[in-house]
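Novice: sequence and computational prediction follow.
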Amino acid sequence: MPTQVPVGSALARKVFSVAVFAATQRRPSFSKNITGAAPKQSDAERKLKGQTSPDFPIVRITDLSKSAGESVSVDLFNIIKGKPVTGDKKLSGKMMNLTYSSMDIRIDQCRGGVDTGGRMAQQRTLHQLRQIGAANLAGWNSRLNDQQCQVHLAGARGDDTGSDWVIPLATDPEFGEIVVNTIKAPTYNRKIYGGGAADSTTDITGVAAADYLALEDIDRLRAILDELVFPMQPIRIPGDEATDENPLFLLQVTSRQWHYLQTNTTGQTWRTFLANAHARSEGFKHPLFLGTPGLWNGILIKKTSRAIRFNAGSSMQENNSSNVEVAHTVPAGVTVDRAILLGAQALGDVYGRHQKSDFYFNWHEEETDHGNTLEISTASINGKAKITLDVDGVPTDHGVFVVDSAAPAIT
């Protein structure tokens, strides 16, 4: 970007609108590696809406025909099923239907900006200020995007108040506007409890202080997945030849859950746990396998840096057996972290058109205080929502399952 481009120019808006969006999506994050690739030219149906691969947990839709306050439809295609036609029986009239479900996700405008300071404090060129502003706003937008995905998938904001949280607590009066679409608690058939909490535990009040996440919970979770009448669709990573024989799911755990998982696992078993992930990724490369993930019973387990955490005595929204949301209180002396298991098509991430830039993001800059200060802002038209559908009349989270376990502070 040449320094002679004036403040507020259309060229700056065009260049930096695209640059900030691209940087936001590329940054290592909770959501980056679980979003599918953009459609290819041959993917005509998805290309019309800009809908990414349905084989990953997050389906991103970039529909430039929509603007703030509107809704975008997410399409979920189902596997075909039906009896085969044998011998010389006529196939005509017995075709299996290609079926899909749709869910509307509302989008809205979200803005953030930086004040670059007065001329005497700056001592920098306009070009430098734009680059610094773009880098900072890309980082802020990336955290916002990440946290919106995490909160929607978890079905709760939790109580964690780390300094990098952009989304406020659910008690904040603007929380509902910031997350755009309503946060839905995990459906009753998509949640279990870790550690010593028995299968009969129906809500968080049955979790004790030592009910840590364990490999036995991973085994139990996989058994539940395998027994589902309408199974969750696995993640399909290009190049993973084991996908069909050994379907892959991803479990995002907090740093505390990872710690207790490790400390309650023998050394040899832990080495096997880590080696399994390395062996699965041989022959292909994908960011999900970077770092030190573990693999157990077809579930890839990765540690996240940000927790959905509930403190002792706090209120947690849970669905009861009738799928009615009720408030339960976390038991005294118990801190609970939520792990998030992901299959395909768990979340819709929708971008629409910003009227000023005609793109997903808008870059705006203006001089204030009689030309002494430069202010820079970005605006996006976006909305996210966990994909929940009725399965035989039962509300069911489509591609996400959660595990709540005790996670006391590590001393």
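Specialist: Sure, I can see it.

Novice: gap between Lys356 and Asn145?
Specialist: Remark: distance between Lys356 and Asn145 (CB to CB, to the nearest Å) = 20 Å. Bear in mind the C-beta positions are built from the backbone N, C-alpha and C, glycine included.

Novice: out of the two, which sits in the busier spot?
Specialist: Asn145 (23 against 13; other CB atoms under 10 Å).

Novice: quick check: the more buried one is in a helix.
Specialist: Yes - when DSSP: H, G, I helix; E, B strand; the rest coil is applied, Asn145 is found to be in a helix.

Novice: tell me how far it lies from Gly112.
Specialist: Asn145 is 11 Å from Gly112, by CB to CB.

Novice: what is in contact with the two at once?
Specialist: With contacts defined as CB atoms under 8 Å, 6 or more residues apart in numbering, no residue is shared by Asn145 and Gly112.

Novice: all helices for the protein, in order.
Specialist: 10-26, 44-49, 119-122, 126-154, 175-179, 215-227, 255-263, 267-280 (DSSP state H).

Novice: show the pLDDT at Lys47.
Specialist: Note for Lys47: predicted pLDDT of 47.

Novice: same question, Thr269
Specialist: 97.

Novice: can you tell me the closest non-neighbouring residue to it?
Specialist: Counting by CB to CB, 6 or more residues apart in numbering, the nearest residue to Thr269 once its immediate chain neighbours are dropped is Leu215, at 7.1 Å.

Novice: what separation do you get for the one you found and Leu261?
Specialist: 7 Å.

Novice: what of Pro234?
Specialist: Distance, Pro234 to Leu261, by CB to CB: 22 Å.

Novice: now the terminal residues of stretch 342-361, how far apart.
Specialist: Using CA to CA, to the nearest Å, the gap from the first to the last residue of stretch 342-361 comes to 28 Å.

Novice: cool, and stretch 87-95?
Specialist: Where stretch 87-95 begins and where it ends lie 16 Å apart, using CA to CA.

Novice: in stretch 136-156, what counts as buried?
Specialist: Using 16 or more other CB atoms under 10 Å as the test for burial, stretch 136-156 gives 136-138, 140-156.

Novice: swap that for stretch 298-313, sorry
Specialist: Counting neighbours by 16+ other CB under 10 Å, stretch 298-313 gives 298-304, 306-310 as buried.

Novice: how distant is that stretch from the center of its chain?
Specialist: Distance of stretch 298-313 from its chain centroid, counting by CA atoms, centre = their mean, to the nearest Å, is 13 Å.

Novice: got it, and stretch 105-118?
Specialist: 21 Å.

Novice: circling back to that earlier point, of Leu215 and Leu261, which one has the most company?
Specialist: Leu261 (25 against 18).

Novice: what sits closest to Ala409 if chain neighbours are left out?
Specialist: In space, Ala409 is closest to Thr335, 7.0 Å off (CB to CB, 6+ apart).

Novice: report pLDDT for the closest residue to Gln257 other than its chain neighbours.
Specialist: Distance criterion CB to CB, 6+ apart; nearest residue to Gln257, sequence neighbours excluded, is Leu213 at 4.5 Å. On pLDDT, Leu213 comes in at 96.
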